[in-house]
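> Structure for this input, please:
(one chain, ligands or ions: 3)
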Amino acid sequence: MSQSVPEMASELITTLAAIVGASHVLSGDDLASYEQDWRGRAKGKALCVVRPGTTAEVARVVQACAAARVSLVPQGGNTGLVAGSVPDASGAQVVLSLRRMAALRAIDPQNMTITVEAGFILQSLQEAADEAGFLFPLSLGAEGSCTIGGNLATNAGGTQVVRYGNARELCLGLEVVTAQGEVWDGLSGLRKDNTGYDLRDLYVGSEGTLGVITAATLRLYPKPAAQLTAWVATPSLEHACELLGLAHQHLAAGLTGFEVMNQFALSLVDKHYPHLRVPMWQQTPWCVLIEISDAESEAHARGLFEQMLEAALEQGLIADAIIAENIRQAHDLWHIRESITLAQVEEGFNVKHDISIPISLIPAFVREADAALAAAFDGIRFVNFGHLGDGNLHYNIQSPAGVDAKAFVAQYEDQVSAIVYDTVSKFRGSISAEHGIGELKLHKLPQHKSATALALMHTIKNALDPLNTLNPGRVLQA
Ligand code: FAD
Ligand code: MLT
Ligand code: ZN
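Ligands and ions are numbered 1, 2, ... in the order given. Model prediction:
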């Protein structure tokens with residue numbers, strides 16, 4: 001006689017408890033923090049949450065779920081912005097939380113690498129690198145709670161990409177549990193390895209749909225002797241782009257951050273967090289945050305920075321500038337930048353876009369998209385900020401003042417995004433520069449990725465996860 005669904009579910013939960021220990025299988029009503037995404041855009045229902053403590057346990061969990069034909073949703077810090085890390089509403093998916101796998105396995109100072117497990121929190125990784133005398137440069141607003149496994153699974157970007165690259169560029173090796181529950185030990189600290197297809201690069205950015213990342217070997221960098229931050233006012237986005245060119249020329253590899261913020265984005269920070277004292281925002285349409293890292297000394301960094309800013313002033317690229325006097329001031333300026341996302345949450349539901357465009361075309365893109373949106377939606381507000389140094393804008397839309405934000409997003413999100421993404425495609429950009437596809441952008445991908453590319457992606461997914469048990473319905477339609 002065949003088993004009923006509840007019988008199979010309860011048998012699977014018993015099996016999982018035998019693998020990881022009963023206290024590490026959570027079920028019932030207390031799963032809210034695992035079932036709800038960070039933005040409050042997706043709320044699912046899990047069969048259970050399983051929290052393995054070792055790679056061998058992850059492998060056995062994956063095998064048990066595959067045998068029961070139950071799908072798994074890998075989850076790290078659950079800070080993702082595209083609703084890819086929470087279960088669907090079926091109550092039939094298992095959330096595989098990697099948070100218990102948080103060991104630091106090794107530091108190799110000569111090879112300048114660090115090997116950690118997937119649940120290692122990004123900020124703890126930065127601190128571990130720092131204690132060992134190195135820099136781990138990946139840096140983003142959620143670093144206090146996101147995990148390195150999640151960072152690699154999303155190929156996260158952040159504020160240092162202009163110098164050090166995305167998570168992919170920082171990764172030298174991976175350990176992965178495949179969809180069949182086998183362990184691929186690719187934890188090499190090699191900087192060169194051309195022995196066939198690059199499996200590491202395939203798993204990085206796959207958003208939990210091809211395998212479960214259990215550990216990674218990452219690049220470390222020498223700590224700079226000095227870091228300086230400047231906050232500048234610039235009259236337009238065109239000027240900001242020219243300033244970026246000037247900064248590259250003057251600072252070369254010393255340029256480690258170049259972030260742009262429009263006036264409305266900063267006005268939201270001022271409105272919701274007045275104690276942060278946002279500089280200059282009322283007097284200029286755009287502010288830019290620039291960071292320089294210097295291998296020599298603070299005096300050398302300051303000299304270079306002042307020369308660059310003087311040249312920018314002479315050329316009319318900036319109207320005003322302050323250089324942070326000390327680390328505390330620099331931290332405060334970065335804190336303002338990182339608070340834009342939270343200020344937007346305070347303001348209410350919004351339509352987020354995480355787009356990239358060739359830097360030279362960004363001003364034209366923004367002009368065109370702004371005009372098309374303003375014509376279609378009277379009074380909408382543009383929260384435009386992001387990683388200009390990488391050609392990556394968070395081109396977000398807030399409802400018109402006084403309008404119910406949630407109702408506006410529910411009714412118009414699709415139309416707003418269609419205008420933005422059509423303009424992105426016209427400029428040969430990407431509809432997801434760093435946050436991934438998850439579930440939120442799933443239905444938009446087919447219109448903005450070529451049929452050939454999508455067919456290849458489906459071929460890879462079918463080959464690596466033929467039972468479709470790993471995060472189904474994310475990145476690609478199930
Ligand atoms: P989760 O949210 O748990 O998961 C994200 C995806 O990865 C899901 O699809 C999940 O299934 C998969 N996954 C997680 N762990 C694993 C694993 N071990 N193996 C396989 N798949 C896995 N992102 C940026 O790129 N740049 C930013 O500047 C940035 N700033 C942010 C600021 C704030 C305030 C917030 C809330 C988010 C920000 N993000 C940013 C988004 C988010 O922090 C990143 O996507 C981060 O990399 C997600 O890590 P996580 O551990 O929280 O992953
Ligand atoms: C950022 O750069 O602050 C993040 O990607 C978060 C966001 O887009 O809101
Ligand atoms: Zn970002």
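> okay, CA-based contacts and neighbour counts for the rest of this
Fine.
> tell me which residues in the strand or helix carrying residue 305 are buried?
Assigned by DSSP states H and E, residue 305 belongs to helix 298-314. Applying a neighbour-count criterion of 16 or more other CA atoms under 10 Å, the buried positions in helix 298-314 are 298, 301-302, 304-305, 308-309, 311-313.
> now these in CSV, with distance to residue 138?
Below are those laid out as CSV (distance: CA to CA, whole Å):
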residue, distance to residue 138
298, 22
301, 21
302, 24
304, 24
305, 23
308, 25
309, 26
311, 30
312, 28
313, 31
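> so how far is the helix or strand hosting residue 364 from its chain's centroid?
Assessed by DSSP H and E, residue 364 sits inside helix 362-376. Put simply, helix 362-376 sits 25 Å off its chain's centre (CA atoms, centre = their mean, to the nearest Å).
> pLDDT on it, on average?
Mean pLDDT, helix 362-376: 98.
> after that helix, next one along is what?
Downstream of helix 362-376, the first helix or strand assigned by DSSP H and E is strand 381-387.
> what helices or strands is that next one leaning on?
strand 255-262, helix 263-272, strand 392-398 (3 or more CA pairs under 8 Å, 6 or more residues apart in numbering; DSSP states H and E).
> What is the shortest one packed up against?
Yep, that's strand 392-398 we're talking about. If you count contacts as 3+ CA pairs under 8 Å, 6+ apart, strand 392-398 packs onto strand 350-351, strand 354-356, strand 381-387.
> Just want the angle from whichever helix or strand comes after it to helix 362-376.
With elements assigned by DSSP H and E, the helix or strand that comes after strand 392-398 is helix 405-426. Helix 405-426 and helix 362-376 are oriented at 140 degrees to each other (axes from the mean of the first three to the mean of the last three CA atoms, to 10 degrees).
> Show residues contacting the helix or strand that contains residue 10.
In this assignment (DSSP H and E), residue 10 forms part of helix 5-20. Contact with helix 5-20 is made by 22-25, 47-48, 50-53, 57, 60-61, 64-65, 68, 92, as judged by CA atoms under 8 Å, 6 or more residues apart in numbering.
> In strands, which of the residues you listed fall?
Using DSSP state E, 25, 47-48, 50 are the members of those that sit in strands.
> which one of those is nearest residue 420?
Taking CA to CA as the measure, residue 47 is the one of these closest to residue 420, at 36.9 Å.
> show me the contacts for the closest one.
Residue 47 neighbours (CA under 8 Å, 6+ apart): 9, 27, 91-95.
> Just these: which are in helices?
Counting by DSSP state H, the contacts of residue 47 place residue 9 in helices.
> so what's residue 201 closest to, chain neighbours aside?
Closest residue to residue 201 apart from its sequence neighbours, by CA to CA, 6 or more residues apart in numbering: residue 168 at 7.0 Å.
> and the one you found, that's in a strand?
No - applying DSSP: H, G, I helix; E, B strand; the rest coil, one finds residue 168 to be helix, outside a strand.
> Now do it: how many residues are near it, please.
Neighbour count of residue 168, defined by other CA atoms under 10 Å: 22.
> my guess is residue 218 meets residue 168, correct?
No - if you go by CA atoms under 8 Å, residue 218 and residue 168 don't touch, sitting 9.4 Å apart.
> Who wins on neighbours among the ones in strands among the contacts of helix 5-20?
In terms of neighbour count, residue 50 stands highest of those at 27 neighbours, by other CA under 10 Å.
> Can you list the buried residues in the helix or strand containing residue 201?
Taking DSSP H and E as the criterion, the element that holds residue 201 is helix 199-203. Within helix 199-203, the residues scored as buried using 16+ other CA under 10 Å are 200-201, 203.
> Now for the closest residue in space to residue 238 that isn't next to it in sequence, how many residues are close by?
Counting by CA to CA, 6+ apart, residue 238 lies nearest to residue 363, which is 5.7 Å off, once chain neighbours are set aside. By other CA under 10 Å, the residues close to residue 363 number 17.
> Am I right that residue 212 is in a helix?
No - under three-state DSSP, residue 212 sits outside any helix and is assigned strand.
> Could you give the bridge partners of it?
Taking DSSP bridges as the rule, residue 212 bridges to residue 177.
> quick one on the thing from earlier: what angle do the helix holding residue 364 and strand 392-398 make?
Interaxial angle, helix 362-376 versus strand 392-398 (the same axes, to 10 degrees): 10 degrees.
> which residues touch residue 259?
Shown in contact with residue 259 (CA under 8 Å, 6+ apart): 159, 288-290, 385-389.
> In those residues, find the pair that's most separated.
For the contacts of residue 259, the farthest-apart pair by CA to CA is 290 and 385; their separation is 13.6 Å.
> Please say which of these two ends up with more neighbours.
Using other CA under 10 Å, the more surrounded residue of residue 290 and residue 385 is residue 385, with 26 against 22.
> I'd assumed residue 264 was in contact with the more buried one.
No - with contact defined as CA under 8 Å, residue 385 does not reach residue 264; the gap is 9.5 Å.
> what's next to stretch 336-348, contact-wise?
39, 140-141, 261, 265-266, 268-269, 272-273, 276, 278, 350, 398, 405-406.
> Now list the buried members of the residues you listed.
Looks like the contacts of stretch 336-348 have 140-141, 261, 265-266, 268-269, 272-273, 278, 350, 398, 405 buried, using 16+ other CA under 10 Å.
> any chance of those in a markdown table, plus distance to residue 118 and pLDDT?
Shown next, in a markdown table, are the buried ones among the contacts of stretch 336-348 (distance: CA to CA, whole Å; pLDDT from 0 to 100):
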| residue | distance to residue 118 | pLDDT |
| --- | --- | --- |
| 140 | 17 | 98 |
| 141 | 19 | 97 |
| 261 | 32 | 98 |
| 265 | 33 | 98 |
| 266 | 34 | 98 |
| 268 | 35 | 98 |
| 269 | 33 | 98 |
| 272 | 34 | 98 |
| 273 | 34 | 98 |
| 278 | 36 | 98 |
| 350 | 31 | 95 |
| 398 | 35 | 96 |
| 405 | 36 | 95 |
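> Do me a favour and get the backbone dihedrals for residue 469.
Torsion angles at residue 469 (phi, psi; degrees, to the nearest 10) stand at phi -100, psi -10.
> Quick check: closest non-adjacent residue to residue 63.
Counting by CA to CA, 6+ apart, residue 63 lies nearest to residue 181, which is 4.9 Å off, once chain neighbours are set aside.
> Oops, could you answer that again for residue 416 instead?
Here the nearest residue to residue 416 in space, its sequence neighbours aside, is residue 373; by CA to CA, 6+ apart that works out to 7.0 Å.
> what's the answer for residue 218, then?
Leaving out its chain neighbours, the residue that sits closest to residue 218 by CA to CA, 6+ apart is residue 171, at 4.6 Å.
> what sits against that neighbour?
Going by CA under 8 Å, 6+ apart, residue 171 touches 216-219.
> if I look at it, how far off is residue 20?
To residue 20, residue 171 is 28 Å away according to CA to CA, to the nearest Å.
> Need the pLDDT of the residue nearest the centre of the chain.
Nearest residue to the geometric centre of the chain (CA atoms, centre = their mean): residue 156, 3.8 Å. What the model reports for residue 156 is a pLDDT of 98.
> Could you do the one 10 residues further on as well?
We have a pLDDT of 98 for residue 166.
> could you measure it against residue 324, distance?
Per CA to CA, residue 166 is found 26 Å from residue 324.
> Of those two, give the one with the bigger neighbour count.
Comparing residue 166 with residue 324 by other CA under 10 Å, the one with more neighbours is residue 166, at 24 against 17.
> I am finished for the moment; much appreciated.
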